[in-house]
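need the 3D shape of this:
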Amino acid sequence: MTALGADLRRGPFREGERVQLTDPKGRMNTIVLAAGKQFHTHRGYLLHDELIGRPDGSTITNTTGVEYLAMRPLLADYVMSMPRGAAVVYPKDAGQIVTMADIFPGAVVVEAGVGSGALAMSLLRAVGDQGRLYSFERREDFADIARANVHLFFGQEHPAWTVTVGDLVERLPQTVDNGTVDRVVLDMLAPWDCLDVVHAALAPGGLLICYVATATQLSRVAEAMRDHGGWTEPSAWESLVRGWHLEGLAVRPEHRMHGHTGFLITTRRLADGVTPPLRKRRPAKGAYGEAGVDEDAWTPEDVGERVPSDKRVRRTRRALVAETETERSAQPRAESESRQAPEG
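Numbers count the residues shown, from 1 in each chain. Okay, here's the model as predicted:
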């Protein structure tokens, strides 16, 4: 059986599909092929009709002799160039979510919020036609943008996808039965508010992955997972992607890179009535605050820094002072010897 959208990724270019044009300088433009139309730049134009019917990976020359490489855009290319309402989940993070959350063919997945639909496309690719993706979005305008983007990418309505406009906490129990969801992906401001309803929806062993932008959010959702009692110890990370310049022997990192976009944190649902094992790791002093202590007055210990003892500081200071004094006393002797040395 042919996977949904596979026929749009093969064969000659057809009217109505997207084509990515790359010029000799590596600049890319994405066009939608239409009979009789033209693609204009400040350096001439080319005819859509000359691309329709050509195989993927062809070249075409415009009216001023500029040659373009024409290829169907990859999912990552489409996501970065598609119209958007909300900010998109970057491909580097979408790939991490699909892999680290173990999104498998046939899985039942819940996503909130849907944003512009970027992550939904990766999730739909992963669950396949036989899986289910329930996406929740508070804003109807964002939901409409996401629906349109996903439809344009797959070429039709995806049979595995359902979009619900509304709050996840209110609408999820109305949409799925308890214990029937395999994976939940939360891309929202306050995922800790949804832990109870997500816990009820997930099957035992099911996985929750949250995408948050700031360290403050990361800390709060991690502590909420621990306080809940129904989750395994959370694991968090971020991914940084740095491209490399490849030109003969001039192989070096690119000057620009995709740095911090967000943090990912995962945890798994425990079976009902199970108490998570006691944590073996001793928390840093002051990490959880103490009675009578202003929690806003952070110290290095609060953020996990290793603070040297007073004894070590004193020892280091004495050694540096002694080394400095030795160097200072050596300088006059060196200057005196230099003045007394006979001239050559």
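
next, count neighbours for Met28.
15 (other CB atoms under 10 Å). Every C-beta, even on glycine, is put in place using the N, C-alpha and C of the backbone.

for it, grab phi and psi.
phi -120, psi 140 (degrees, to the nearest 10).

relative to Leu74, how far out is it?
Per CB to CB, to the nearest Å, Met28 is found 11 Å from Leu74.

over to Glu238?
From Glu238 across to Leu74, the span is 23 Å (CB to CB).

pick out whichever of the two has more residues nearby.
Glu238 (16 against 12).

for that one, which non-adjacent residue is spatially closest?
In this structure, Glu238 finds its nearest non-sequential neighbour in Phe263, 5.1 Å apart by CB to CB, 6 or more residues apart in numbering.

low-scoring stretches of the chain, by residue?
1-8, 281-308, 312-344 (pLDDT under 70).

for it, which strand is longest?
For the chain, the strand with the greatest residue count under DSSP state E is strand 202-212.

identify the residues contacting the closest residue to Leu47 other than its chain neighbours.
Once flanking residues are discounted, Leu47 sits nearest to Gln38: 5.8 Å by CB to CB, 6+ apart. Gln38 makes contact with 45-48, according to CB atoms under 8 Å, 6 or more residues apart in numbering.

of these, closest to Asp23?
Leu46 (10.9 Å; CB to CB).

find the centremost residue of this structure, please.
Asp93 (2.3 Å; CA atoms, centre = their mean).

and that one, how close does it get to Gln217?
Asp93 is 15 Å from Gln217, by CB to CB.

again, but for Ala118
Taking CB to CB, one finds Ala118 at 20 Å from Gln217.

repeat that for Leu240.
Separation of Leu240 from Gln217 (CB to CB) stands at 19 Å.

who has more neighbours out of these two?
Gln217 (20 against 10).

would you double-check that that one falls in a helix?
Yes. With DSSP: H, G, I helix; E, B strand; the rest coil as the criterion, Gln217 is located in a helix.

contacts only, for it.
189-191, 263.

next: Thr214.
Contacts of Thr214 by CB under 8 Å, 6+ apart are Phe263.

and if we set it to 7 Å?
Taking CB atoms under 7 Å, 6 or more residues apart in numbering, we find Thr214 in contact with no residue.

what about the closest residue in space to Met82 that isn't next to it in sequence, is that helix, strand or coil?
In this structure, Met82 finds its nearest non-sequential neighbour in Asn149, 5.1 Å apart by CB to CB, 6+ apart. What three-state DSSP gives for Asn149 is helix.

correct me if wrong: Asn149 contacts Gly115.
No. With contact defined as CB atoms under 7 Å, Asn149 does not reach Gly115; the gap is 9.8 Å.

could you check how far Ala87 is from Pro73?
20 Å.

of these two, who's got more company?
More crowded of Ala87 and Pro73, by other CB under 10 Å: Pro73, with 18 against 13.

can you pull the contacts of the more buried one?
If you count contacts by CB under 7 Å, 6+ apart, then Pro73 has 18, 20, 30 around it.

checking the second one next. Helix, strand or coil?
When states are read from three-state DSSP, the local structure at Gln20 comes out as strand.

do the last one as well
For Thr30, the secondary structure call by three-state DSSP comes out as strand.

and it, how far from Gly259?
25 Å.

the two: which has the busier surroundings?
Neighbour totals were compared for Thr30 and Gly259, and Thr30 leads with 14 against 10 (other CB under 10 Å).

how near is the more buried one to Ala70?
Plainly put, Thr30 is 11 Å away from Ala70 if you go by CB to CB.

ok, now Ala101?
35 Å.

could you export stretch 269-283 as PDB, CA atoms only?
The C-alpha coordinates for stretch 269-283 follow below in PDB (Å, rounded to 0.1, in the frame of the first residue of the first chain):
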ATOM      1  CA  ARG A 269       3.800   7.200  33.200                       C
ATOM      2  CA  LEU A 270       4.000   4.800  36.100                       C
ATOM      3  CA  ALA A 271       1.300   2.100  36.600                       C
ATOM      4  CA  ASP A 272      -1.500   3.100  39.000                       C
ATOM      5  CA  GLY A 273      -0.600   2.700  42.600                       C
ATOM      6  CA  VAL A 274       3.100   2.500  41.900                       C
ATOM      7  CA  THR A 275       5.500   4.800  43.900                       C
ATOM      8  CA  PRO A 276       8.500   5.900  42.000                       C
ATOM      9  CA  PRO A 277      11.900   4.700  43.400                       C
ATOM     10  CA  LEU A 278      13.500   7.000  45.900                       C
ATOM     11  CA  ARG A 279      16.000   9.200  44.200                       C
ATOM     12  CA  LYS A 280      19.600   8.300  45.000                       C
ATOM     13  CA  ARG A 281      21.100  11.700  44.000                       C
ATOM     14  CA  ARG A 282      21.500  14.200  46.800                       C
ATOM     15  CA  PRO A 283      20.200  17.600  45.700                       C
END
